[in-house]
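>>> what follows is a protein structure lacking sequence information:
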């Protein structure tokens, strides 16, 4: 029916275009789960970018919970470069893992801190 | 030179500031990271004084990027003003300040080659340099990117709108005719 077609076209035109907001690219499910709620006592492996291997290395250095890594993130004044360097030095995270972890913590802080 | 681990927290902090490394508090967990950063910075700069070298380089870099940024975006409008700026810098400065707050900090950098007072400008250029270090790269990006801002180009939107309008017109015409007939039939 012509009216329905018009409605479809109209809705298509009215729907806002994602101008600059689609910056979040593709965040993983882990990222979304982490930033959705307060971290509480979550393990360090709950952080995006931190898998079992990295998690083990962090735990050995004393960063056994996500909030301890959060503490380090905050002490580094939420600076991306410093945090990435620290992560690389502490658990040999690669660039992608560093970026995922940083993004995850930053977004968590934006929502809850 | 004594090893970095023997230095106090304040000394480490002072060294970081000297090398222009942005840092947070010197705590147990951050200390080793900052020591590494200082060592890297020392390796890069050699034994010469790091701060003045850095600011000079950054001034030059900023100046170059400043000019190259200005030329594509404000070619005609500023073509005349650039000639004025050498004679009447305050006029250009005021205009720059009105135009763009971002450029305001740049205009002060632009003055520095004429005003041979690097030591005075050092903290200013240094602070703008460190603050806008990433932005010289960034500033060129938003200018062209703003043009290709839309997912669907403008002319396509207009075309679709025209099609919708024409379609609506046809539908209304058809509706009118169907409505008019029943009235005739009732008669």
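Sure thing, it's come through. As the structure is a prediction and not an experimental result, all values here were calculated from the model.

>>> okay, CA-based contacts and neighbour counts for the rest of this
Noted.

>>> in chain B, what residue is nearest chain A?
Per CA to the nearest CA, the residue of chain B with the smallest distance to chain A is residue B:24, at 5.1 Å.

>>> do I have it right that that residue meets residue A:75?
Yes. In this structure, residue B:24 is within contact of residue A:75 by CA atoms under 8 Å, at 6.1 Å.

>>> now the residue of chain B closest to chain A: how far from residue A:76?
As judged by CA to CA, to the nearest Å, residue B:24 and residue A:76 stand 5 Å apart.

>>> neighbour count winner among these two?
The residue with the greater number of neighbours, taking residue B:24 and residue A:76 and applying other CA atoms under 10 Å in any protein chain shown, is residue A:76; the counts read 22 against 16.

>>> hmm, the more buried one is touching residue A:82, no?
Yes. The pair residue A:76 and residue A:82 qualifies as a contact (CA under 8 Å) at a distance of 6.4 Å.

>>> mutual contacts of the two, please.
Common contacts of residue A:76 and residue A:82, defined by CA atoms under 8 Å, 6 or more residues apart in numbering or on different chains, comprise residue B:23.

>>> quick check, the residue in chain A closest to chain B?
Checked against chain B (CA to the nearest CA), the nearest residue in chain A is residue A:76, 5.1 Å away.

>>> what's that residue in contact with, if anything?
If you count contacts by CA under 8 Å, 6+ apart, residue A:76 has them with A:82-83, B:23-25, B:30.

>>> so what touches stretch A:77-91?
Stretch A:77-91 is contacted from outside by A:54, A:57-58, A:61, A:73, A:76, A:93-95, A:98-99, A:102, A:106, B:23-24, B:30, B:33, using CA under 8 Å, 6+ apart.

>>> can you give me how far that stretch is from the chain middle?
Using CA atoms, centre = their mean, to the nearest Å, the mean C-alpha position of stretch A:77-91 is found 15 Å from that of the whole chain.

>>> pLDDT weak spots in chain B?
Counting by pLDDT under 70, chain B contains low-confidence ranges at B:1-2, B:46-148, B:176-187.

>>> what residues does it put near chain A?
Neighbours of chain A within chain B, by CA under 8 Å from any CA of the partner chain: B:23-25, B:29-30, B:33, B:149-151, B:164, B:168, B:171.

>>> those into CSV, with extra columns for secondary structure?
As requested, the residues of chain B next to chain A are arranged in CSV below (DSSP: H, G, I helix; E, B strand; the rest coil):
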residue, secondary structure
B:23, coil
B:24, coil
B:25, coil
B:29, helix
B:30, helix
B:33, helix
B:149, coil
B:150, coil
B:151, coil
B:164, helix
B:168, helix
B:171, helix
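
>>> now for the residues you listed: which two are most distant?
Distance extremes for these: the farthest pair is B:29 and B:171 at 71.7 Å, using CA to CA.

>>> which residues of chain A fall in helices?
Defined through DSSP state H, the helices belonging to chain A, from first to last, are A:2-14, A:29-35, A:52-60, A:66-75, A:80-91, A:95-112.

>>> buried ones in the third one?
The one in question is helix A:52-60. Of the residues in helix A:52-60, those with enough neighbours to count as buried (16 or more other CA atoms under 10 Å in any protein chain shown) are A:54-56, A:58-59.

>>> so, in contact with chain B or not, that helix?
No. Using CA under 8 Å from any CA, helix A:52-60 never reaches chain B; the gap is at least 12.2 Å.

>>> and that helix with helix A:95-112, angle?
60 degrees (axes from the mean of the first three to the mean of the last three CA atoms, to 10 degrees).

>>> can you select the buried ones from the contacts of stretch A:77-91 in ChimeraX?
Burial among the contacts of stretch A:77-91 is assessed by 16+ other CA under 10 Å; the matching ChimeraX selection reads:
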select /A:54,58,73,76,93,98,99,102,106 /B:23,24,30,33
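
>>> sorry, back to before: of the helices of chain A, give the one that comes closest to residue B:156.
Across the helices of chain A, the minimum distance to residue B:156, taken as CA to CA, is reached by helix A:2-14, at 11.2 Å.
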